[in-house]
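Asks: predicted structure and sequence below. I'll ask about it afterward.
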Amino acid sequence: MVEGQRNRISVIGTGYLGATHAACMADLGFEVLGLDVDQTKIDSLSAGRIPFYEPGLEEVLGRNLANGRLRFTTDYDEVTEFADTHFLCVGTPQRADSNAADLSYVEAAVESLAPRLTRPAVVIGKSTVPVGTAARVAAQFHAIAPAGEAVELGWSPEFLREGFGVEDTLRPNRIVIGTDSERVETVMREISTAQIEQGIPFLVTDLQTAELVKVSANAFLATKISFINAMAEVSEAAGADVMQLAKALSYDDRIGGKFLGPGLGFGGGCLPKDIRAFMARADELGVEPALSFLREVDAINQRRRARTIDIARALIGGGFAGRTIAVLGAAFKPNSDDIRDSPALDVASTIASLGATVTVYDPEALEKAQQAHPELNYAHSMLEAVRDAEVVLMLTEWTEFRDADPEEVAKVVAKRNIVDGRNALDATEWRAHGWTYRALGRP
Ligand code: UGA
């Protein structure tokens, strides 16, 4: 590694993960060059604009563009000239034809980077990949890079949550680095100095274990959500209240209350595709039964969407054809404009396909929703969306909806019917204002 290059890192792929990582690494004092093959993304980031909604990130980006520590490019030659430490942050979405992960962006990044590595280098993967990928990628670098085995690989999974990306990157709850190279471990320790000094656990594992930590963490979180949603199904059948149940469970600190929120279930670009890719990989490894429970986790999650629609149908007393429905929320969760596998939009578009006029409002995700679902109507405020609605479905728990005044909303709707898809509203208060309030898993 060239001495002057020590403080320099490159970040390849500038989506949610890469853009956040690049900006935060610059904020920690590193000189960072971010690369993406998408010129529009690079233009936007270079101009200080984040092409998605992530609270706090634009300030970090702006600050580090201004102080000169952060730049962006589409040119791989520039990247390999600039740095000897490279982070791979490209996306690994679900394949269109199966449950498995689509590794084409990882392959493309390796194929572009490797032939240009003429000096010793450290490459650290952060993308979520099926276990076994990192070892294969290491072999590819050794075979293709002119520097050969002097290109050393580590895998350091990223655990950031959208909406908390900056905080989770600067202060993660743990740092995991999978590698069998001492140099990679040393470089990763240097890069993580600020976090290690804060007492954040730093774990060194082999490549496979690091890859598995990531997918098993997401599988556990998905399982926890589906567990409480399964309890919601039972609660409804038995006349119990899943919110009281969840609260009572949460006091047992072996169980804990986080990710025990019953409702419409999980969506987004991570949990759904990660559990599916994990099952596909287990199948390849010959241990398919070990993860067959994740099929149930997925199925419970999908049933929440169907159940939400059934509740709305029952409230209007019949079919959806010709009815006027309002949907509050389009993002897969609040504080995000991400609509990938959004439960809210899935419900909205199913109801529209059954003949209803569905009007959607979301504080941040309208533009993306409109592009993906032109069949839906969109409003630019909550009150505009609910006008003349026979049922209002609250499907993403933005603060604006949690804080909505039931009396104000009542003034513009046709009927006071509300489905609280996230168990986020005060049922007593809404009922006190004459609303028929229904939620998943509660009487
Ligand atoms: C998730 C993980 O939480 C991160 O640790 C991980 O790094 C990330 O995936 C990733 O793999 O990149 P994220 O997709 O941003 O993060 O979203 P979460 O906050 O995990 O929420 C996922 C979904 O679960 C949302 O649709 C949310 O509404 C739902 N959820 C969450 C519930 O239905 N109930 C809960 O109690 C909690």
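Replies: Happy to help now that I have it. None of these values were measured; they are calculated from a predicted model.

Asks: can we go C-alpha only for contacts and neighbour counts from here?
Replies: Fine.

Asks: so the chain: which segments form each domain?
Replies: Following automatic domain parsing, one finds the domains of the chain at 8-205, 206-443.

Asks: mean confidence for the last one?
Replies: Per-residue confidence for domain 206-443 averages out to 97 on the pLDDT scale.

Asks: residues of the stretch 151-300 of the chain that sit close to the ligand?
Replies: 158-162, 218, 225, 259-271 (CA under 6 Å from any ligand atom).

Asks: next, the buried residues of the helix ranked longest in the chain.
Replies: If you go by DSSP state H, the chain has its longest helix at helix 207-238. For helix 207-238, burial by neighbour count (16 or more other CA atoms under 10 Å) applies to 207-215, 218-233, 235-236.

Asks: ok now it, how far from the chain's centre?
Replies: 15 Å (CA atoms, centre = their mean, to the nearest Å).

Asks: tell me which residues touch Arg340, please.
Replies: 267-269, 331-332 (CA atoms under 8 Å, 6 or more residues apart in numbering).

Asks: and those as JSON lines, adding neighbour count and secondary structure?
Replies: Shown next, in JSON lines, are the contacts of Arg340 (neighbours: other CA atoms under 10 Å; DSSP: H, G, I helix; E, B strand; the rest coil):
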{"residue": "Gly267", "neighbour count": "23", "secondary structure": "coil"}
{"residue": "Gly268", "neighbour count": "18", "secondary structure": "coil"}
{"residue": "Gly269", "neighbour count": "18", "secondary structure": "coil"}
{"residue": "Ala331", "neighbour count": "31", "secondary structure": "coil"}
{"residue": "Phe332", "neighbour count": "26", "secondary structure": "coil"}
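
Asks: which of those sit farthest apart?
Replies: Gly269 and Ala331 (11.2 Å; CA to CA).

Asks: if we can go back for a sec, so which of the residues of the stretch 151-300 of the chain next to the ligand sit within helices?
Replies: 218, 225, 271.

Asks: now do the contacts for the residue of the stretch 101-250 of the chain found nearest the ligand.
Replies: Residue nearest to the ligand within the stretch 101-250 of the chain (CA to the nearest ligand atom): Phe159, separated by 3.1 Å. Residues near Phe159 by CA under 8 Å, 6+ apart: 168, 172, 214.

Asks: and it, what's its pLDDT?
Replies: At Phe159, pLDDT is 95.

Asks: cool, Met1 as well?
Replies: 49.

Asks: for the remainder of this discussion, apply numbering that starts at 611.
Replies: Understood, numbering begins at 611; the last thing we discussed is Met611.

Asks: so Leu1005 sits against Leu874, correct?
Replies: Yes. Counting by CA atoms under 8 Å, Leu874 is a contact partner of Leu1005 at 7.2 Å.

Asks: which one of those two is surrounded by more residues?
Replies: Leu1005 (32 against 28; other CA atoms under 10 Å).

Asks: which residues sit in contact with that one?
Replies: Neighbours of Leu1005 in contact, by CA under 8 Å, 6+ apart: 874, 937-940, 953-954, 1030-1032.

Asks: can you check Ala989 too?
Replies: 969-971, 995.

Asks: any of those residues buried? List them.
Replies: Looks like the contacts of Ala989 have 969-971, 995 buried, using 16+ other CA under 10 Å.

Asks: widest-spaced pair of these?
Replies: Every pair of those checked by CA to CA; the farthest is Thr969 and Tyr971, at 6.9 Å.

Asks: what is in contact with these two at once?
Replies: Common neighbours of Thr969 and Tyr971 (CA under 8 Å, 6+ apart) are 937, 988-989, 995.

Asks: quick one: which of the residues you listed sit in strands?
Replies: 937, 988 (DSSP state E).

Asks: out of the shared contacts of Thr969 and Tyr971, which comes closest to Ala887?
Replies: Out of the shared contacts of Thr969 and Tyr971, the member with the shortest distance to Ala887 (by CA to CA) is Val937, at 30.6 Å.

Asks: so what's that closest one bridging to?
Replies: Counting by DSSP bridges, Val937 is bridged to Val970, Leu1003.

Asks: hang on, it packs against Met1004?
Replies: Yes. Applying CA under 8 Å, one finds Val937 in contact with Met1004, separated by 6.0 Å.

Asks: so which of those two has more stuff around it?
Replies: Val937 (28 against 25).

Asks: where exactly do the strands run in the stretch 611-760 of the chain?
Replies: 618-622, 641-645, 680-683, 695-698, 731-735 (DSSP state E, counting those that start in this stretch).

Asks: residues in contact with the fourth one?
Replies: In this structure, residues lying in contact with strand 695-698 by CA under 8 Å, 6+ apart are 616, 618-623, 628, 716, 719, 731-737.

Asks: next one: the third one
Replies: Here strand 680-683 makes contact (CA under 8 Å, 6+ apart) with 632-633, 636, 641-646, 652, 655-656, 671, 674-675, 689.

Asks: between the residues you listed, which is nearest the ligand?
Replies: Closest to the ligand, out of all of the contacts of strand 680-683 and judged by CA to the nearest ligand atom, is Ala632, at 15.5 Å.

Asks: OK, contacts around that closest one?
Replies: 620-621, 624, 642-644, 680.

Asks: between these, which has the most around it?
Replies: Val621 (31 neighbours).

Asks: surely that residue touches Phe640?
Replies: No. Using CA under 8 Å as the test, Val621 is too far from Phe640 to be in contact (11.6 Å).

Asks: on that earlier part again, save the strands of the stretch 611-760 of the chain as JSON lines, and put in distance to the ligand too.
Replies: Converted to JSON lines, the strands of the stretch 611-760 of the chain look like this (distance: least, CA to the nearest ligand atom, whole Å):
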{"stretch": "strand 618-622", "distance to the ligand": "16"}
{"stretch": "strand 641-645", "distance to the ligand": "19"}
{"stretch": "strand 680-683", "distance to the ligand": "22"}
{"stretch": "strand 695-698", "distance to the ligand": "14"}
{"stretch": "strand 731-735", "distance to the ligand": "13"}
